[in-house]
Structures are given as structure tokens and as C-alpha cells.
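Engineer: coords below, sequence missing:
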């Protein structure tokens, strides 16, 4: 396996695609975000990394945001939310919005999984703001669950690769985590 | 779409699976990590969230770590690295290690993509440490590239879902990012 050096503007493979919601200047807004990850076990914290976007203002003002997982049926709408800024285009009518207890964390009815977050901490990085939120409430579509847990094959999400900028479906099941390794002997 | 509340210990779908490498007490160690994301555009920063693990000591001491993307051929070895702690088991012999300029960021020859990181900042969260590293050097297997960029279908990585603890292949290409949305009209 011959290794070559590549551009250090490098990525993980693949990235989950999400829609981050906030209320900005009193208006619901959503942006497409692939730089997102759980970052703490207890309490459950999730981080989203945003460049200097319109959404940031709403998160900073209300100290709340949402992370929504779109299915492939929403791929065009999601990509659209990544192409146009809420500063210029009103994106409040693209999805059907609902709320849990956090009245400034807009959740997307059409998304199979929706997380309502209260801002825990903001880490200012050179070009991005890392918003770390506590998942206060999580919602899932009843039809997208198996044995009481969200089922990725029913959610049917899509993932992102960069720098080639492509979307990918989720493929077949390939084993149980924290289990397969029992077969390995050094 | 009837939404129900689920456990707020909730996740994104799916998570990328990586092997985070460090040198701990002079010995190479790798752990399986799905809580990982790019967090800054310039310089390229990547964050890994680790519970109280053996690996943390090495990152804190040397201020370096690596993020390696395993292909499915390494699924058993990767899962094994998530099952056993380096505190009890010497994992230094599982993979063939190489180094770039950072001599305490061990890279895995068998992994299609390897990122060597210099610690930028550590964010202490209630139960986890979020290690934010600058990608100083990135390496890819020549055979896993298309048009000069890593090609996910050649890398053939796998992803993780929680709390159901399953691994998934990457499925078929489903469109161009930052492009598909042009078709959407409100």
C-alpha cells in the first residue's frame, strides 16, 4: 500500500448530513451541516461547527439550536439549505416546523430524527464557531424505529464526502459493534 | 409522520468509524472512535471526543495524535481496538505503523487515509475530553484515489450507529453536494 501525501484540508469518510435549525431575528432558519458529532456522554452533548453563517446569530442570541437528520427524500431541500444563506433567502417555509420544550429550537417534522439542544458552550476557533449543545429532547418518527431505537435503514439518511462533494446512501449491515472484535486474536 | 420522544442519549446517523492513534508511555496505541468531526476550515482542525481512556494520556503528553480511516477489511481489528484498553493490552502490534513529520502521531499503513495531528486545544467536557488537532499532514493510499482525491468507494469504510451498535457499509452515490439543491424551487 503506497502512501502519498494529500492536501491537509482532509476529512473523515463519510460525514453525516444534518440540518441545523435556529431562530434568527425571529425567523426560523435551517442550514446543511456535515461537521457534527456527539462530544460528551453524560449529559449528552453534540457539537456543530459553523463558519461565519447567519445561523450563528440565532444560536448566540437564543442559546438553543436543533440538529435534524434528513432522509434521502429530503436530499434536494437539504442541499438547497446548504446553497443559500438565510440572510438573503427566507428558508422558514421549506419544512413543517414543530417544537418541544425549547421554543427557539425549531424541529423538522419531515426529518426522521430531531434533536433539540440547549447551548452548553461555544468554542471559538480560527474560522469556525463550535457550538456544543446539550440534547435536551430527542424525537423520532414512530415508523422509523425498530425495538424502540431509531433504525438507520428506515431513516434512510445520506452522507457527505469532501473535498469531492458527493452524497452517498447507507449500504448493507456489516456486523455488530463492540462485538465483531471478539473474533480477533493477536 | 407521528413523532415520539426518545432517549435524549441520541446520535447522528451514521457516524464515521476511525482509529485514533497516540504514543502512550512510549508505546503505540490505537482506539476505535466514532465521535469525530472536522471543526475548522483554516487551518484544518479535527476534533475527537474521548471518554477517560488510556489514549488521552499520550495525547496530553505528546500534544499529537492521529486519525486513521479503516476499510471494511479492518473491521474486526478496529472493533477489537474498541473492546480492549491499551492499559491492559499491548495493541502496538496489530497494525503496521509509519510516521510523517510528527514522530508521536502513529499512522496505520493498512488504513486508506491517515491524518497526523498536532494538538490545538483540549476542551474539557463533563465526562469527555474533546481533543482538537490541526491536521499537519494527510496521507492516502495511491490506489484509493480518483482524480487526485480519496475515493470513498475505493476506501470502502464502514460507519457506526448507536445506541443499537451496528456497523454499515457505504451505499451508492446519490448526487453531487452543493449542487442538487439548485433543482429545488420554493
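Structural biologist: Arrived safely, thanks for sending. All values derive from a computational prediction rather than experimental measurement.

Engineer: and residue A:155, what is it in contact with?
Structural biologist: Neighbour list for residue A:155: A:69, A:71, A:112, A:113, A:144, B:13 [criterion: C-beta atoms under 8 Å, 6 or more residues apart in numbering or on different chains]. Where you see a C-beta, it was placed from the backbone N, CA and C, and this is true even at glycine.

Engineer: give me every residue that touches the second one.
Structural biologist: Yep, that's residue A:71 we're talking about. Counting by C-beta under 8 Å, 6+ apart, residue A:71 has contacts A:111, A:112, A:155, A:156, A:157, A:158.

Engineer: Most neighbours among those residues, which one is it?
Structural biologist: Using other C-beta atoms under 10 Å in any protein chain shown as the neighbour test, those are led by residue A:111, with 30 neighbours.

Engineer: Now do that residue against chain B, distance only.
Structural biologist: 9 Å (C-beta to the nearest C-beta, to the nearest Å).

Engineer: Can you give me the pLDDT of that residue?
Structural biologist: On pLDDT, residue A:111 comes in at 98.

Engineer: For burial, what's the neighbour tally of the closest residue to it other than its chain neighbours?
Structural biologist: Distances taken as C-beta to C-beta, 6 or more residues apart in numbering or on different chains place residue A:68 nearest to residue A:111, at 4.0 Å, with adjacent residues excluded. Neighbourhood size, residue A:68 [other C-beta under 10 Å]: 25.

Engineer: which residues pair with residue A:68 across the strands?
Structural biologist: Beta bridges link residue A:68 to residue A:19, residue A:114, judged by DSSP bridges.

Engineer: That one reaches residue A:113, doesn't it?
Structural biologist: Yes - with contacts counted by C-beta atoms under 8 Å, residue A:68 reaches residue A:113, the gap being 7.2 Å.

Engineer: coming back round to it: how about the residue nearest to residue A:111, what does it touch?
Structural biologist: Here residue A:68 is in contact with A:18, A:19, A:20, A:21, A:30, A:107, A:108, A:111, A:113, A:114, A:115 (criterion: C-beta under 8 Å, 6+ apart).

Engineer: can I assume residue A:80 sits in a helix?
Structural biologist: Yes - the assignment for residue A:80 (DSSP: H, G, I helix; E, B strand; the rest coil) places it in a helix.

Engineer: Could you check how far the spatially most central residue of chain A is from chain B?
Structural biologist: With distances taken as C-alpha atoms, centre = their mean, chain A has residue A:18 as the residue nearest its mean C-alpha position (3.0 Å). For residue A:18, the distance to chain B equals 6 Å [C-beta to the nearest C-beta].

Engineer: residues contacting that residue?
Structural biologist: A:32, A:33, A:34, A:36, A:48, A:67, A:68, A:69, A:70, B:12.

Engineer: what's the closest of the contacts of residue A:155 to residue A:168?
Structural biologist: Within these, the smallest distance to residue A:168 is 12.9 Å, found for residue B:13 (C-beta to C-beta).

Engineer: So that closest one sits against residue A:153, correct?
Structural biologist: No - in this structure residue B:13 lies outside contact range of residue A:153 using C-beta under 8 Å: 10.1 Å.

Engineer: related to what we said a few turns ago, and the contacts of residue A:155 as TSV, adding distance to residue A:126?
Structural biologist: Listed next are the contacts of residue A:155 as TSV, based on distance: C-beta to C-beta, whole Å:
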residue	distance to residue A:126
A:69	28
A:71	34
A:112	34
A:113	31
A:144	38
B:13	29
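
Engineer: and residue A:160, what helix or strand is that in?
Structural biologist: Assessed by DSSP states H and E, residue A:160 sits inside strand A:158-161.

Engineer: For chain A, which residues score under the pLDDT cut-off?
Structural biologist: A:1 (pLDDT under 70).

Engineer: how about the helices of it, start to end?
Structural biologist: Listed in chain order, the helices found in chain A under DSSP state H are A:54-62, A:75-83, A:152-155.

Engineer: Buried ones in the shortest one, by neighbour count?
Structural biologist: Within helix A:152-155, the residues that count as buried by 16 or more other C-beta atoms under 10 Å in any protein chain shown are A:152, A:155.

Engineer: What separation do you get for the residue nearest to the centre of chain A and residue B:140?
Structural biologist: When C-beta to C-beta, to the nearest Å is applied, the distance between residue A:18 and residue B:140 equals 26 Å.

Engineer: about what we covered before: quick one, which of the helices of chain A is packed in tightest?
Structural biologist: helix A:75-83 (a mean of 23; mean count of other C-beta atoms under 10 Å in any protein chain shown).

Engineer: Which other helices and strands does that helix contact?
Structural biologist: The contact analysis (3 or more C-beta pairs under 8 Å, 6 or more residues apart in numbering or on different chains; DSSP states H and E) places helix A:75-83 against strand A:27-33, strand B:166-176.

Engineer: how about CSV for the ones you listed, with distance to residue B:2 added?
Structural biologist: Shown next, in CSV, are the helices and strands packed on helix A:75-83 (distance: least, C-beta to C-beta, whole Å):
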stretch, distance to residue B:2
strand A:27-33, 21
strand B:166-176, 24
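
Engineer: quick one, which of those is packed in tightest?
Structural biologist: strand A:27-33 (a mean of 22).

Engineer: got the angle for it vs helix A:75-83?
Structural biologist: 100 degrees (axes from the mean of the first three to the mean of the last three C-alpha atoms, to 10 degrees).

Engineer: Residues in contact with strand A:27-33: which ones?
Structural biologist: With C-beta under 8 Å, 6+ apart as the test, strand A:27-33 has contacts from A:17-23, A:48-50, A:53-55, A:58, A:67-68, A:78-79, A:81-82, A:86, A:90-92, A:94-95, A:97, A:106, A:108.
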